[in-house]
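In: Generate coordinates for the sequence data below:
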Amino acid sequence: MITEKSYKTFTVGIDERLDKTIDELKEKLGKTSRADVFRMGIALLKVAAEAKERNMKLTVSDQDDVVRKEIVLP
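Out: Below you'll find the predicted structure:
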């Protein structure tokens, strides 16, 4: 059985800087649409929110697992 996904839409105003950033991320991440960039951003924010609920912090590590950046959510 094939089911069709139903999507809601929303309109958001963005400035030139954010517009450029979205396009850059689209290219860097190999995405085909700007909406995909938004979806990835929301998924990352969900991970961050769950970490915050658990009093955890996010880190960015290099290939040797050395923490290069630590993010503590307010």
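In: How far away from the center of its chain is the longest helix seen in the chain?
Out: Using DSSP state H, we find that the single longest helix of the chain is helix 34-53. How far helix 34-53 lies from its chain's middle: 5 Å, per CA atoms, centre = their mean, to the nearest Å.
In: do the same with stretch 60-73
Out: 17 Å.
In: how far does that stretch stretch from start to finish?
Out: 14 Å (CA to CA, to the nearest Å).
In: I'd like to know the average pLDDT value across that stretch.
Out: Throughout stretch 60-73, pLDDT has a mean value of 92.
In: State the three-state secondary structure for residue 11.
Out: Following DSSP: H, G, I helix; E, B strand; the rest coil, we place residue 11 in the coil state.
In: could you say what helices and strands the next helix or strand after the longest helix of the chain packs with?
Out: Following helix 34-53 in sequence order, the next helix or strand is strand 58-61 (DSSP states H and E). With contacts taken as 3 or more CB pairs under 8 Å, 6 or more residues apart in numbering; DSSP states H and E, strand 58-61 sits against helix 34-53, strand 67-71. The way it works is simple: take the backbone N, C-alpha and C, and place the C-beta from them, glycine included.
In: Can you tell me the strand partners of strand 58-61 and which way each runs?
Out: strand 67-71 (antiparallel) (DSSP bridges).
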